[in-house]
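Undergrad: got a sequence here, can you model it:
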Amino acid sequence: MEQTLVVFKPDAVMRGIVGEILTRFERAGFKVIGMKMVRPGYDQLHGHYEGIGTLKTRKGEEIFESQLAAMQVGPVIAMVLEGVEAVEFVRKMVGDTQPKTAMPGTIRGDYAHVTYGQAASVGMGVANLVHASATTDEAEREIAHWFSDSELYDYETMQEMFTQPRKKAK
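TA: Numbering: from 1, shown residues only. The predicted structure is shown next:
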């Protein structure tokens with residue numbers, strides 16, 4: 001099974017819609033194998049957005065710094081989801097990075113509406129609720145950046161328990 005990182009950004013946490021969004025992932029069949037609330041500092045976010053995601057390299061210093069500032073206004077909830085082709089499916093569920101162009105039915109299309117222009121006009125990163133890994137390589141690196149092995153759990157869901165044959169006890 002493939003794993004991916006999802007981070008509920010401060011705007012999702014502060015709006016109180018984490019449970020609603022998490023429910024969408026669970027209803028799609030993804031299994032939560034790790035989750036924690038943290039208040040990441042500059043170094044943690046720099047490692048995530050530039051060390052792995054190369055945001056500053058791709059978009060410039062101003063966008064990079066505004067994104068890091070937006071990610072520090074409150075706590076985030078980081079989680080690891082597991083499922084079939086998890087990276088691609090979760091990205092599809094999340095929608096386009098800019099909420100204005102995210103399709104209805106996606107998380108960003110349904111719950112966010114701030115544009116890059118509006119966010120820049122107030123010196124903030126765009127409020128787009130969640131981060132989701134873009135590639136399997138990125139997911140692997142991001143998961144290792146946010147979670148230790150001991151924070152990830154291997155367990156059977158109730159569906160797995162009742163749909164797979166069991167060995168009989170002797």
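Undergrad: and the nearest residue to Phe147 once chain neighbours are set aside, how many neighbours does it have?
TA: Spatially, and ignoring its direct neighbours in sequence, Phe147 is nearest to Gly34 (5.1 Å; Cβ to Cβ, 6 or more residues apart in numbering). (C-beta placed from N, C-alpha, C; glycine too.) The tally of other residues near Gly34 (other Cβ atoms under 10 Å) stands at 20.
Undergrad: which SS class is Gly34?
TA: Using DSSP: H, G, I helix; E, B strand; the rest coil, the structure places Gly34 in strand.
Undergrad: what's the answer for Val6, then?
TA: Criterion first, three-state DSSP; result for Val6: strand.
Undergrad: surely it meets Val130?
TA: Yes: the pair Val6 / Val130 is scored as a contact, 5.8 Å apart, by Cβ atoms under 8 Å.
Undergrad: hmm, back to that, how far away is the residue nearest to Phe147 from Trp146?
TA: Separation of Gly34 from Trp146 (Cβ to Cβ, to the nearest Å): 8 Å.
Undergrad: name the residues contacting each of those two.
TA: Ala78 (Cβ atoms under 8 Å, 6 or more residues apart in numbering).
Undergrad: now do the shared contacts for Val6 and Val130.
TA: Contacts common to Val6 and Val130, judged by Cβ under 8 Å, 6+ apart, are Val94.
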